[in-house]
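K.L.:
Below are the sequence and a predicted model; questions follow.
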Amino acid sequence: ILNVEQSPQSLHVQEGDSTNFTCSFPSSNFYALHWYRWETAKSPEALFVMTLNGDEKKKGRISATLNTKEGYSYLYIKGSQPEDSATYLCASIYNFNKFYFGSGTKLNVKP
Amino acid sequence: EPEVTQTPSHQVTQMGQEVILRCVPISNHLYFYWYRQILGQKVEFLVSFYNNEISEKSEIFDDQFSVERPDGSNFTLKIRSTKLEDSAMYFCASSSAGGPYNEQFFGPGTRLTVL
């Protein structure tokens, strides 16, 4: 079983702060990495699909980078808002179709 | 906006009983998945399904599990003889194309409690 790790486990920030968290994964046989945003009692919502080394994706105030050689991805949130409070989950894909998830980073943004 | 739906939201069953968890994927999607999350643990991949057959399954997906697309809209996960350790949230997902590069859309999950 491949181990995908996320850090930190939880994060408390003030509204307006910028923050980032990490997803680490084994780089051998890596295909792609997915980031999800998961609010309590809702479905996980896809944020980004990252595929190439050096890939950078952006959606509004949220962006993500990927380093496949060293096996990590960063998710950045600029100017956090209370509505950004959620668990951010990454999943690394191997052997084309096998998804391995991290434990998630739970973000709490205080107004 | 189209979404994946799952029923029931919560299922309680006795150990040894059979359960069927139901999912309605997004209508034009062709690839379907089941995942589970045991309380306090990571989300785990169970199975992917395309063109009426399993395309990939994990070590967890043993003979007690089966999947089916009984009609044009539903995608089901059957657990034949439930065990206590099957208690988990079960998530269905669908995508328009398969493989690692395509976004998956998740349902809200079914919480299965085995007593």
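P.N.:
Sure, I can see it.
K.L.:
Would you point out which residue is most central in chain B?
P.N.:
When chain B is reduced to its mean C-alpha position, the closest residue under C-alpha atoms, centre = their mean turns out to be B:Trp34, at 3.1 Å.
K.L.:
the bottom helix or strand of chain A by mean pLDDT?
P.N.:
Between all helices and strands in chain A, the lowest mean by mean pLDDT, DSSP states H and E belongs to strand A:98-101, at a mean of 89.
K.L.:
Return the set of buried residues in whichever helix or strand comes after that strand.
P.N.:
Following the chain from strand A:98-101 toward its C-terminal end, the next helix or strand by DSSP states H and E is strand A:105-110. Residues of strand A:105-110 classed as buried: A:Thr105, A:Lys106, A:Leu107, A:Val109 (neighbour count, 16 or more other C-beta atoms under 10 Å in any protein chain shown). Heads up, the C-betas are built off the backbone N, CA and C, glycines and all.
K.L.:
Repeat that for stretch A:43-54.
P.N.:
Neighbour counts over stretch A:43-54 (16+ other C-beta under 10 Å) mark A:Ser43, A:Pro44, A:Ala46, A:Leu47, A:Phe48, A:Val49, A:Met50, A:Thr51 as buried.
K.L.:
Going along the chain, name the strands of the chain.
P.N.:
Here I'm looking at chain A. Shown for chain A, the strands assigned by DSSP state E span residues A:5-7, A:10-14, A:19-24, A:30-38, A:45-50, A:56-59, A:62-67, A:72-77, A:86-94, A:98-101, A:105-110.
K.L.:
oops, I was thinking of chain B
P.N.:
With DSSP E, the ranges of strands along chain B come out as B:5-7, B:10-13, B:19-24, B:31-37, B:43-50, B:53-57, B:65-68, B:75-79, B:88-95, B:105-106, B:110-114.
K.L.:
quick one: which of those is nearest A:Ile62?
P.N.:
strand B:105-106 (18.2 Å; C-beta to C-beta).
K.L.:
Just checking the distance from the closest one to the centre of its chain.
P.N.:
Here strand B:105-106 shows a centroid-to-chain-centroid distance of 11 Å under the convention C-alpha atoms, centre = their mean, to the nearest Å.
K.L.:
Show me what it packs onto, helices and strands only.
P.N.:
Applying 3 or more C-beta pairs under 8 Å, 6 or more residues apart in numbering or on different chains; DSSP states H and E, one finds that strand B:105-106 makes contact with strand B:88-95.
K.L.:
Tell me if the strand it packs on is near chain A.
P.N.:
Yes. For strand B:88-95 and chain A, the contact criterion (C-beta under 8 Å from any C-beta of the partner chain) is met by B:Phe91.
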